[in-house]
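**Student:** The sequence and its predicted three-dimensional model are supplied below.
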Amino acid sequence: MAADSDSDMTFALPDLSGLSEAERLQVIAVMQRAKEFEEQEQTKNRRLKMEGHLLKYTNVMKGWQTRWFLMDPESGMLEYFEKEEHKKQRPRGSVHLAAAVVSPSDEDSQTFTVTAANGETFKLRANDAKERQHWVDRLRSTAEYHTANIAQQYSGLYQRKDAAGSYITKDGTLFRRTDPSGGRRSHYSSQESVHSTPGKKQIPAHTHALPLPFTDVQGFLVEAQDFSQSLSDKIATLPYHGEDCFMTGLDKDLLMLKATSGAALRCVEECLLLLQNGQVLCSSMPQSTSVSGQLSTKKSIPCSTSLPADLSQHSSNTVTSSPVDSYGSTRSVLQTLQDCNFEGTITINRDEEEEDSDVYSDSELGAVEEHKSIILHLLSQLKLGMDLTKVVLPTFILERRSLLEMFADCMAHPHIFLQIPDVGSPEERMLLVLEWYLTSFHAGRQGSVAKKPYNPIKGETFHCSWRLPQSSEEVKDITSCQSKQGIQLTYCAEQVSHHPPVSAFYFECPEKKICMNASIWTKSRFMGMSIGVVMVGKGNLRLLQYDEEYVFGLPSAYARSILTVPWVELGDKVSLVCEKTNLTASIIFHTRPFYGGKLHRVSAEVKNTTGAQLCKVSGEWNGIYEFVYSDGRTRTVDTQKLKIWRKCVRPVEKQGEFESRRLWQHVTNALNAGDVNTATEHKHLLEERQREGERHRKDSGTVFPTKSDLQAWINELSMAGSMRNKVTANRY
């Protein structure tokens with residue numbers, strides 16, 4: 001019995017066959033205590049800061065330069081300074097080692113690289129192979145420690161190793177290591193007592209056990225780790241040189257076997273951790289109801305919970321009923337879908353619209369810093385180039401407006417837009433279209449922090465308008481027009497598809513006989529330290545009295561430095577073309593180069609049919625543009641000094657239940673009050689409602705019709721057939 005128990009120890013025992021039972025137990029206790037002291041000493045050494053000279057490859061000099069490196073295991077930061085004397089000053093550069101990859105180079109025995117989770121890479125070189133290995137071991141140890149700390153915040157299960165070499169999961173299930181030389185694993189249920197050595201606390205066993213598949217896999221994994229450790233120990237005992245040796249400890253194939261087996265085990269362990277985490281999250285969430293089968297009248301969580309008083313009072317546009325409030329069960333969702341009037345076009349009473357008092361601007365940095373660990377965990381689950389369309393992003397990175405409203409905010413200078421039909425020559429009209437296009441981006445992107453607008457649900461709409469005076473002289477004197485008289489520019493937008501996410505929107509002004517429609521597919525990609533959003537689709541601006549159509553694309557948007565202070569950058573090459581007049585404009589949104597260069601640069605040029613240049617533009621999309629014409633004239637346009645006209649929107653209580661502000665009002669109020677948890681809850685309810693509707697339509701074979709008949713509006717705008725070629729909306 002004792003012999004079988006002793007064989008489970010993780011450390012190698014000498015031959016104790018000549019000792020009595022009491023002497024054997026005493027020797028085992030002494031060796032076990034010695035191992036504890038050794039582990040404590042190793043832990044203490046790992047907490048010490050490591051510093052020294054290393055060669056760092058710099059792209060600026062295209063060569064190696066000596067730098068003083070300092071690694072702090074407590075904070076997980078690797079910093080470098082120009083000299084040792086400067087280490088009290090601000091570091092020249094630094095990376096956090098959480099989720100970092102430390103890779104020795106196979107080119108020589110001195111070079112290694114440190115690749116951080118944000119994509120930044122340090123290429124370093126030590127003095128010799130021994131020093132390189134010392135740095136690699138310490139860096140990897142620190143990286144694994146901080147990575148595990150982040151993982152534990154999101155894992156429902158973790159492993160803790162006791163003194164006898166057993167593994168105890170968070171729910172109390174015990175796995176005892178076995179002797180790699182033979183014998184099956186020993187599995188003790190959580191109901192059995194766990195005996196600890198003298199001087200150590202007894203670890204309590206909980207009553208909740210892991211599911212059986214996880215239990216078996218965990219046991220096999222511990223067993224495999226035993227064999228891997230045994231392999232490493234045996235390799236360590238081999239001689240490192242000798243002509244008569246059949247195999248040495250430096251054999252290439254043997255070292256490759258050791259490395260790949262260890263990496264494979266770590267990969268399997270991480271996969272098991274993710275599966276356990278998913279199991280815990282699923283078990284903690286309320287059971288969802290199904291369309292087919294018994295429909296429950298109540299969910300296990302109160303889905304119609306109202307906001308606290310302080311949230312309700314935060315916005316004056318709060319109504320007591322909303323689609324979220326009615327979401328109590330699947331039955332209520334289906335009832336809501338049946339009650340919605342999807343037939344024909346929707347009618348908007350423009351007389352109810354009021355000038356928007358809210359000017360959106362988001363410059364808060366606190367949420368990004370506070371939830372940095374969540375972003376790190378999210379980044380660890382993503383791959384380079386991964387499509388983020390179906391990835392649920394954290395609520396705290398959201399703007400307080402829908403994507404449909406963001407497109408409307410780009411029309412902040414409608415006086416430029418409505419001046420286009422008044423210009424006489426085609427060349428001047430093209431230049432004015434280009435000016436309106438270039439000055440629209442800064443208004444849609446307000447605030448210094450890059451955040452994501454609400455992803456509209458299918459069928460969501462947004463309506464607004466702008467009222468301008470009749471004459472251009474009056475435009476110069478005022479910034480808004482409450483009067484019902486004058487020119488009105490209306491806007492309508494609808495989310496016509498959810499996967500892929502496609503937004504269709506339409507502007508029109510019957511008095512000026514101008515309209516513009518577009519449908520944009522927002523295609524987002526993960527790019528390491530950045531997130532790229534490609535705007536797939538075209539916009540069509542139509543001048544009815546001239547029968548001219550201007551077709552243009554939209555630039556891609558990039559959220560840079562998502563781990564520190566996120567900021568927005570536009571980058572792409574787009575064209576603006578009028579087929580009837582054969583005038584073209586090429587526009588380039590320049591991204592900042594890796595070293596040097598200016599931010600937000602834009603350059604454009606307009607050419608006629610013969611290819612001659614009519615105008616050249618340069619500047620920043622959120623700053624000053626300079627227009628240089630072919631006749632030598634120059635003109636500057638400062639986007640920050642242009643008139644911004646506030647849109648007119650109906651109050652929330654008068655909006656339909658699928659209109660953006662009413663649909664997202666609880667999420668917006670919670671974000672305004674800084675209550676991310678409440679915002680997440682209401683956002684989840686909206687998303688779940690959409691999924692239920694999709695399942696219902698799929699089961700019933702019905703098609704989700706669009707609410708807005710853009711073609712009917714354009715026909716009405718054509719003034720009894722004056723438009724020969726009808727404008728149609730691009731639909732996906």
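**Tutor:** Ah, there it is.

**Student:** Show me what counts as buried in the helix or strand hosting Thr680.
**Tutor:** Under the criterion of DSSP states H and E, Thr680 resides in helix 676-700. By 16 or more other Cβ atoms under 10 Å, the buried positions in helix 676-700 come out as 676, 678-686, 688-690, 692-693, 695-696. (Each C-beta comes from the backbone N, C-alpha and C, glycine too.)

**Student:** ditto for stretch 427-443
**Tutor:** By neighbour count on 16+ other Cβ under 10 Å, the buried set for stretch 427-443 is 427, 429-443.

**Student:** How about the secondary structure of Thr581?
**Tutor:** Following DSSP: H, G, I helix; E, B strand; the rest coil, Thr581 is assigned to coil.

**Student:** contacting residues for it?
**Tutor:** Contact analysis of Thr581 by Cβ atoms under 8 Å, 6 or more residues apart in numbering lists Pro426, Met430, Glu548, Thr609.

**Student:** how much space between it and Leu388?
**Tutor:** Distance of Thr581 to Leu388, computed by Cβ to Cβ, to the nearest Å: 40 Å.

**Student:** Tell me where the longest helix sits in this protein.
**Tutor:** helix 252-284 (DSSP state H).

**Student:** Packing partners of that helix?
**Tutor:** Packing partners of helix 252-284 (3 or more Cβ pairs under 8 Å, 6 or more residues apart in numbering; DSSP states H and E): helix 212-237.

**Student:** which helices and strands does the helix it packs on pack with?
**Tutor:** In this structure, helix 212-237 packs against strand 167-169, strand 174-176, helix 252-284, with contacts taken as 3+ Cβ pairs under 8 Å, 6+ apart.

**Student:** in the stretch 1-150 of the chain, which spans are strands?
**Tutor:** Listed in chain order, the strands found in the stretch 1-150 of the chain under DSSP state E, counting those that start in this stretch are 50-58, 63-72, 77-81, 93-96, 101-104, 111-115, 121-125.

**Student:** Same list as before, these that is, but in CSV and with mean neighbour count included.
**Tutor:** Shown next, in CSV, are the strands of the stretch 1-150 of the chain (neighbours: other Cβ atoms under 10 Å):
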stretch, mean neighbour count
strand 50-58, 16
strand 63-72, 16
strand 77-81, 21
strand 93-96, 17
strand 101-104, 16
strand 111-115, 18
strand 121-125, 19
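
**Student:** Flag the shaky bits of the stretch 151-300 of the chain, pLDDT-wise.
**Tutor:** 151-215, 240-246, 277-300 (pLDDT under 70).

**Student:** related to what we said a few turns ago, which of the strands of the stretch 1-150 of the chain sits closest to Thr634?
**Tutor:** With Cβ to Cβ, the closest approach to Thr634 among those belongs to strand 50-58: 41.0 Å.

**Student:** Using CSV, list the CA coordinates for that closest one.
**Tutor:** Output in CSV follows, covering the C-alpha atoms of strand 50-58 (Å, rounded to 0.1, in the frame of the first residue of the first chain):
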residue,chain,number,x,y,z
MET,A,50,16.6,41.8,-14.3
GLU,A,51,18.8,44.4,-16.1
GLY,A,52,21.8,44.6,-18.3
HIS,A,53,23.2,45.6,-21.7
LEU,A,54,21.7,44.1,-24.8
LEU,A,55,22.2,45.0,-28.5
LYS,A,56,18.9,46.2,-30.1
TYR,A,57,18.3,46.3,-33.8
THR,A,58,17.0,49.7,-34.8
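
**Student:** Give me the sheet partners of that strand and which way each runs.
**Tutor:** strand 63-72 (antiparallel), strand 121-125 (antiparallel) (DSSP bridges).

**Student:** Restricting to C-alpha, output stretch 612-625 in CSV.
**Tutor:** Only the C-alpha atoms of stretch 612-625 are listed here, as CSV (Å, rounded to 0.1, in the frame of the first residue of the first chain):
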residue,chain,number,x,y,z
ALA,A,612,-5.6,68.2,-68.2
GLN,A,613,-5.5,69.1,-64.5
LEU,A,614,-8.2,71.5,-63.4
CYS,A,615,-7.5,71.6,-59.7
LYS,A,616,-5.1,70.2,-57.2
VAL,A,617,-6.0,69.8,-53.5
SER,A,618,-3.8,69.1,-50.5
GLY,A,619,-4.4,69.3,-46.7
GLU,A,620,-5.9,67.3,-43.8
TRP,A,621,-9.4,65.9,-43.7
ASN,A,622,-9.9,67.4,-40.2
GLY,A,623,-7.9,70.6,-40.8
ILE,A,624,-7.2,73.0,-43.7
TYR,A,625,-7.5,72.2,-47.4
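
**Student:** Next, the buried residues of it.
**Tutor:** Across stretch 612-625, burial judged by 16+ other Cβ under 10 Å covers Leu614, Cys615, Val617, Ser618, Gly619, Trp621, Asn622, Gly623, Tyr625.
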